[in-house]
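Student: sequence-free structure coming up:
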Ligand code: ADP
Ligand code: GLC
């Protein structure tokens, strides 16, 4: 018998994904099932999600959820126990989960995700045919208001809040409190008030019984003003209940021996075919130097503006770069221009899951020069696919890659290259080291082999989550 958990998130693989949040929310149920916890995951019914649903049963119906009728559909999808909030007045629109077709935040995002939280609180109270979770697990600001609504209903179920990225606070003007059905008495320093506004993330952080984030390194960084983004004080005040649990990857979906998107391989040697195919896909000529790849959102966080400055030196030294990404319009334009002006650089602007698999499989190295990175998943895919990660020394990147310094190389344990974050010079030096290591066949094969053996699955982290849940219900 598994013990019931309600997970709440704005995205979840395989139904909807814009970033790593979806990968992790989608992988956790599988990872925790063996430990005896049965997760049901509540997410919004965006058009893309509704289109993928097979037969579903109506588990809950709500006559008026912030201005329109809504229902919660329950179904099994690809092993996932999904609960989908179908509320057409909030979610049936073209665009992404968070942005309209013009790339702007939906003006009523506060209400859209408050609705997700309101429905979650109803489910936590047992409104869904008597199914009652023993633990409620919230992910990021979109789920942050759940404890407020649970308190309003008088529901007592232990709550875990996981921070995937503290940069997004889910702010709304104080004047929205009435529309959102929030208790003005809680609009205080100890409640969800944040510099005169409502913060959904802060509501989650003050209301949860336990707070986790996605790496031990980021858990430490979050207590500092440089990384806490205005919420470091809240994190420090709740230090006793904060912990870092490293993300894993779904090693079933990301397996170079079985991946349907690539030429499958067992050893680093199998990479050559995938590399040739990738060069062809990006119109890059054959070359002796390393082919580095980037698969990323294009945002300030990811430090790809720094890479724009470092890349001419890298290609001049014989390296090549293939980049797949989308996001910030100015960065999209700058990278498209770099591809036109620099032979050795290929760029694809867009979001393409199969191509992402082919890039990890074909790349010699994966670059992640982030300014901050709560965990990061692409360096983990890189390790698994025999691509050497070159990453900034921050957050989860520093927790998952063993730097190729002299000691690590001599001991034969290095898996990648680390450099100081937010520093073009340091990034350029790291790319120089990449070229040199790639030219040393024995050292290079050793690093690739080490990476492919490095544990990147959920084994130890699922035990940590299970222990956390257990501590709350004991
Ligand atoms: P974040 O969640 O901050 O974007 P992560 O490294 O945790 O960063 O996760 C990013 C996820 O999104 C990875 O699975 C990565 O492969 C995927 N991804 C990012 N950009 C793209 C893209 N343009 N096309 C396909 N997959 C992408
Ligand atoms: C966030 C972070 C990323 C992390 C992902 C999954 O999007 O930016 O570092 O890997 O969530 O936890």
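Tutor: Now that the structure is in, tell me what you want to look at. This one's a predicted model, so the numbers in the text were calculated from it and none came from an experiment. Ligands and ions are numbered 1, 2, ... in the order given.

Student: so what's the residue in the chain that ligand 1 sits nearest to up against?
Tutor: Proximity of the chain to ligand 1 (Cβ to the nearest ligand atom) peaks at residue 20, 2.1 Å away. Glycine gets a C-beta too; all of them are placed from N, C-alpha and C. Residue 20 makes contact with 164, 247, 375-377, according to Cβ atoms under 8 Å, 6 or more residues apart in numbering.

Student: now do 10 Å
Tutor: 11, 13, 164-165, 214, 247, 249, 297, 373-378, 380, 396 (Cβ atoms under 10 Å, 6 or more residues apart in numbering).

Student: need the residues of this protein near ligand 1, please.
Tutor: Applying Cβ under 6 Å from any ligand atom, we find that the chain lies next to ligand 1 at 19-21, 23, 295-297, 324-326, 351-353, 356, 375-378.

Student: so which of those residues belong to helices?
Tutor: 20-21, 23, 353, 356, 378 (DSSP state H).

Student: for the nearest residue to residue 198 once chain neighbours are set aside, grab phi and psi.
Tutor: Once flanking residues are discounted, residue 198 sits nearest to residue 172: 4.4 Å by Cβ to Cβ, 6 or more residues apart in numbering. Phi and psi for residue 172, reported as degrees, to the nearest 10, are phi -140, psi 150.

Student: quick one: contacts for residue 172?
Tutor: So residue 172 contacts 108-111, 113-114, 145, 179-180, 182, 192, 194, 197-200 (Cβ under 10 Å, 6+ apart).

Student: same question, residue 251
Tutor: 27, 380, 384, 455-459.

Student: mind running it again at 7 Å?
Tutor: With contact taken as Cβ atoms under 7 Å, 6 or more residues apart in numbering, residue 251 is in contact with 456-457.

Student: is it located within a helix, as I assumed?
Tutor: No - under DSSP: H, G, I helix; E, B strand; the rest coil, residue 251 sits outside any helix and is assigned coil.

Student: which of the contacts of residue 172 fall within strands?
Tutor: Counting by DSSP state E, these place 194, 197-199 in strands.

Student: buried set for stretch 117-128?
Tutor: 117-125, 127-128 (16 or more other Cβ atoms under 10 Å).

Student: could you do stretch 17-32 as well?
Tutor: For stretch 17-32, burial by neighbour count (16+ other Cβ under 10 Å) applies to 17-32.

Student: right, and residue 186 touches residue 192 too?
Tutor: Yes - between residue 186 and residue 192 there is a contact at 6.0 Å, judged by Cβ atoms under 7 Å.

Student: who has more neighbours, these two?
Tutor: The residue with more neighbours, out of residue 186 and residue 192, is residue 192; 28 against 19, by other Cβ atoms under 10 Å.

Student: ok, the residue lying closest to the more buried one once chain neighbours are set aside - how many residues close by?
Tutor: Leaving aside its sequence neighbours, residue 192 sits nearest to residue 203 (Cβ to Cβ, 6+ apart; 3.8 Å). Using other Cβ under 10 Å, residue 203 has 29 neighbouring residues.

Student: would you confirm that residue 203 contacts residue 190?
Tutor: No - using Cβ under 7 Å, residue 203 is not in contact with residue 190; the gap is 11.1 Å.

Student: about what we covered before: narrow the buried residues of stretch 117-128 to those in helices?
Tutor: Those of the buried residues of stretch 117-128 lying in helices (DSSP H): 117-124.

Student: which among the contacts of residue 172 count as buried?
Tutor: Buried among the contacts of residue 172 (16+ other Cβ under 10 Å): 108-111, 113-114, 145, 180, 182, 192, 194, 197-200.

Student: where does this protein come near ligand 2, residue by residue?
Tutor: Contacts of the chain with ligand 2, taken as Cβ under 6 Å from any ligand atom, map to 19-21, 24, 164-165, 214, 247, 373-377, 396.

Student: again, 5 Å this time
Tutor: Near ligand 2, the residues belonging to the chain are 19-21, 24, 164-165, 214, 373-377 when assessed by Cβ under 5 Å from any ligand atom.

Student: tell me the one of those nearest residue 220?
Tutor: Among the residues of the chain next to ligand 2, residue 374 lies closest to residue 220 (Cβ to Cβ), at 11.9 Å.

Student: for the ones in strands among the contacts of residue 172, which one is nearest ligand 2?
Tutor: residue 199 (18.0 Å).

Student: appreciated, that's everything.
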